[in-house]
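In: okay, structure incoming, though there's no sequence with it:
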């Protein structure tokens, strides 16, 4: 069973070697890794050259400017080889994440044992810049479509899909929505959960380590994460509970998200949940001293529309 992994890359030179090693070194490996590097300037090219010399037949490296992560991934998926769409497996591994030992072998075994599976994911853990454990990722083995309302319970680097399933989710708009900067994976999972109910597997072992660091897009663009996630949920007809904007408000209070992002988060919630829900949210924020940083923000009140 052939496994192809696509790896978007931009200035992750300090991490990309570990990501590639987890996919290419040892007995449990990907058959193909396609790296699309957005002209990194931090030593990534040298790391890639070293791995290309070791794995000339299994590693493809393309260095060119891209139109964002989703666009790079779409190009990578289109380049992946293989001629057995019903059995070939595909996924992506970001350049700062790491596959757990044995992850690909466990995936192969699951898909062979359950030929009707369209996709599968597994347990994961957070790690920091230096690889220290930060605890479990909040995955759900039994998560259903409506459970995405409470947050994404799929850790992206643990996910593999049959090539045929990935292709079925794609055209005509492309496998990943290139208009999304941070929530392209959530959008894909929602489409997959709709199209393949009952055909989604779960590996209970830790399948990947997802790195949290200041340079990660989901850490730098906190408001965008919340805005796009709410927009995607609404697009797919799911309720957007107030836990989304309140979670952002809590991050602002904790100093891990900027107060300047609140107007966009508030507006996205208003568009998804409606005026009554917005009024209740504003009352909650205005009455809670923990959210003092938002109380006087120019766009925190309906009077500032």
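Out: Sure, I can see it. Being a predicted model, the structure only gives us computed values, none of them experimental. Numbering: from 1, shown residues only.

In: and the nearest residue to residue 1 once chain neighbours are set aside, what pLDDT?
Out: Nearest non-adjacent residue to residue 1, counting by Cβ to Cβ, 6 or more residues apart in numbering: residue 108, 4.9 Å away. (Each C-beta comes from the backbone N, C-alpha and C, glycine too.) With respect to pLDDT, residue 108 scores 97.

In: wait, residue 108 sits on residue 3?
Out: Yes. Residue 108 lies in contact with residue 3 (Cβ atoms under 8 Å); the separation is 7.2 Å.

In: pull up the overlap in contacts between these two.
Out: Common contacts of residue 108 and residue 3, defined by Cβ atoms under 8 Å, 6 or more residues apart in numbering, comprise residue 89.

In: who's more crowded, the two?
Out: residue 3 (22 against 17; other Cβ atoms under 10 Å).

In: who does the more buried one bridge with?
Out: residue 89 (DSSP bridges).

In: how close does it get to residue 99?
Out: For residue 3, the distance to residue 99 (Cβ to Cβ, to the nearest Å) stands at 10 Å.

In: which parts of the stretch 1-150 of the chain are helices?
Out: For the stretch 1-150 of the chain, applying DSSP state H, counting those that start in this stretch gives helices covering 13-24, 44-54, 69-79, 103-113.

In: okay if I get the ones you listed as TSV plus distance to residue 293?
Out: As requested, the helices of the stretch 1-150 of the chain are exported to TSV (distance: least, Cβ to Cβ, whole Å):
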stretch	distance to residue 293
helix 13-24	32
helix 44-54	37
helix 69-79	30
helix 103-113	41
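
In: mean pLDDT lowest for which of those helices?
Out: helix 69-79 has the lowest average pLDDT among the helices of the stretch 1-150 of the chain, namely a mean of 93.

In: what's it packed up against?
Out: Contacts defined by 3 or more Cβ pairs under 8 Å, 6 or more residues apart in numbering; DSSP states H and E place helix 69-79 against strand 3-9, strand 32-37, strand 59-63, strand 89-92, helix 184-195.

In: could the ones you listed go into JSON lines alongside distance to residue 248 and mean pLDDT?
Out: Formatted as JSON lines, those follow (distance: least, Cβ to Cβ, whole Å; pLDDT from 0 to 100):
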{"stretch": "strand 3-9", "distance to residue 248": "26", "mean pLDDT": "96"}
{"stretch": "strand 32-37", "distance to residue 248": "31", "mean pLDDT": "98"}
{"stretch": "strand 59-63", "distance to residue 248": "36", "mean pLDDT": "96"}
{"stretch": "strand 89-92", "distance to residue 248": "26", "mean pLDDT": "96"}
{"stretch": "helix 184-195", "distance to residue 248": "16", "mean pLDDT": "97"}
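
In: make a markdown table from those and add distance to residue 236 to it.
Out: Compiled in a markdown table, the helices and strands packed on helix 69-79 are given as follows (distance: least, Cβ to Cβ, whole Å):
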| stretch | distance to residue 236 |
| --- | --- |
| strand 3-9 | 24 |
| strand 32-37 | 27 |
| strand 59-63 | 32 |
| strand 89-92 | 21 |
| helix 184-195 | 5 |
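
In: give me the distance between the two termini of stretch 144-152.
Out: Terminal residues of stretch 144-152 are spaced 11 Å apart (Cα to Cα, to the nearest Å).

In: tell me how far that stretch lies from the chain's centre.
Out: 15 Å (Cα atoms, centre = their mean, to the nearest Å).

In: just stretch 186-204 next, same as before
Out: Counting by Cα atoms, centre = their mean, stretch 186-204 comes out at 14 Å from the chain centroid.

In: contacts for that stretch, please.
Out: Contacts for stretch 186-204 (Cβ under 8 Å, 6+ apart): 103, 106-107, 110-111, 114, 116-123, 141-142, 144-145, 148, 152, 154, 158-159, 161, 165, 168-169, 175-177, 180, 228-229, 232-233, 235-236, 238.

In: restricted to strands, list these.
Out: 119, 120, 121, 122, 123, 161 (DSSP state E).

In: redo these as TSV? Include pLDDT and distance to residue 294.
Out: Output for the ones in strands among the contacts of stretch 186-204, formatted as TSV (pLDDT from 0 to 100; distance: Cβ to Cβ, whole Å):
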residue	pLDDT	distance to residue 294
119	98	39
120	98	40
121	98	35
122	98	37
123	98	35
161	97	40
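
In: pLDDT below threshold where in the stretch 201-305 of the chain?
Out: 295-305 (pLDDT under 70).
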